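*Asks:* this one's sequence-less:
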């Protein structure tokens with residue numbers, strides 16, 4: 001039977017904040033050097049630098065939901081300010097500008113939020129990350 005010291009050595013505390021910041025930068029949550037993604041949103045099976053297995057993540061729809069939530073909360077006040085500060089803005093221009101802003105914001109935030117979520121899962125030893 002394993003002793004308390006061997007259990008503590010095997011399951012040392014992982015700090016969530018640095019792991020999430022590394023994930024935000026789209027880097028490995030363990031070493032911070034290797035790239036986490038091999039495509040726009042496809043997480044690598046393991047880190048090329050430190051060998052940390054990354055295929056255990058279960059990000060699923062969480063990053064998309066959080067991205068929509070953040071972008072919606074950023075764009076709604078901007079849209080409100082546009083209609084209150086400018087006298088009768090052209091609806092076609094407003095729709096065009098805000099469509100581009102929303103798409104660009106989502107494309108920027110989605111891989112970063114997914115990286116942060118994978119980093120959080122790694123730090124909290126969620127799913128298969130607890131054994132490694």
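*Replies:* Nice, I can see it. All figures in this text were calculated on a predicted structure; none of them were measured in a lab. Numbers count the residues shown, from 1 in each chain.

*Asks:* chain center to stretch 28-47: distance?
*Replies:* Mean C-alpha position of stretch 28-47 versus that of the full chain (C-alpha atoms, centre = their mean, to the nearest Å) differs by 12 Å.

*Asks:* buried residues in it?
*Replies:* Residues of stretch 28-47 classed as buried by neighbour count (16 or more other C-beta atoms under 10 Å): 28, 29, 30, 32, 34, 36, 37, 43, 44, 47. All C-beta atoms are positioned from the backbone trio N, CA, C, and that covers glycine.

*Asks:* looking at this, the third one is in a strand?
*Replies:* So the one you mean is residue 30. No - under DSSP: H, G, I helix; E, B strand; the rest coil, residue 30 falls outside any strand and is assigned coil.

*Asks:* measure it to residue 67 for me?
*Replies:* According to C-beta to C-beta, to the nearest Å, residue 30 stands 24 Å off from residue 67.

*Asks:* measure how far stretch 83-94 is from the centre of its chain, please.
*Replies:* For stretch 83-94, the separation from the chain centroid amounts to 33 Å (computed by C-alpha atoms, centre = their mean).

*Asks:* mean confidence for that stretch?
*Replies:* Mean per-residue pLDDT for stretch 83-94: 90.

*Asks:* low-confidence ranges in the chain?
*Replies:* Applying pLDDT under 70 to the chain flags the ranges 1-11, 131-132.

*Asks:* quick one: the helices in it, in order.
*Replies:* Taking DSSP state H as the criterion, the chain carries its helices at 4-10, 16-24, 62-85, 91-123.

*Asks:* ok, which of these comes nearest residue 129?
*Replies:* Relative to residue 129, the nearest member of the helices of the chain by C-beta to C-beta is helix 91-123, separated by 4.9 Å.
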